[in-house]
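Asks: What would the 3D arrangement of this be:
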Amino acid sequence: MQQIKGSILKSRLAFVVDHSGDEGRKSVLQALHDDDRRALNSILTLNWYPLDLGLRLDGAIVRTLGAGKPEFFEKLGAASADKNLGSVHKAFQRRRSARFSQPHAGHLRDVLREGTPRV
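Replies: Got it, this is the predicted structure:
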């Protein structure tokens, strides 16, 4: 199972609060299934979580705050990179480049286009 670090999920939620306040956070969480809401309300920075939880969160953020425009994900990604590339994911950085491999970009694109699958 592919996983995502809790620190990434926390940075996504922090972006939502920074961008749209607590009301934005509530709106994003309301767009998710109950199980996802429960998981995201108890995220621990050092724990690992299913990648699909992160993808569903990203899709909800883009749909709720970005009016469904995939370009909004760039803002979300930049904010997450600012918070995480200096620490948890520093090993993935290339010399003189803040980019790192995103092998799941196609799956994320599909989630953003088709909506978050509810399990």
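
Asks: need the strands for this structure, in chain order.
Replies: With DSSP state E, the ranges of strands along the chain come out as 3-5, 48-50.

Asks: Check which helices and strands the biggest helix by length in the chain is in contact with.
Replies: The helix of greatest length in the chain, counted in residues with DSSP state H as the criterion, is given as helix 6-30. Based on contacts counted as 3 or more CB pairs under 8 Å, 6 or more residues apart in numbering; DSSP states H and E, the elements that helix 6-30 packs against are helix 34-40, strand 48-50, helix 51-65, helix 72-84. Every C-beta, even on glycine, is put in place using the N, C-alpha and C of the backbone.

Asks: one step back: buried deepest among the strands of the chain, which one?
Replies: Of these, the one with the most neighbours on average (mean count of other CB atoms under 10 Å) is strand 3-5, at a mean of 17.

Asks: G68 and T45: what is the separation?
Replies: Here the distance between G68 and T45 works out to 29 Å (CB to CB, to the nearest Å).

Asks: try L76
Replies: Counting by CB to CB, the gap from L76 to T45 is 18 Å.

Asks: go on, G66?
Replies: With the distance defined as CB to CB, G66 ends up 25 Å from T45.

Asks: between those two, who's got more neighbours?
Replies: In this view G66 and T45 are compared by other CB atoms under 10 Å, and G66 has more residues nearby, 17 against 12.

Asks: Thank you, goodbye.
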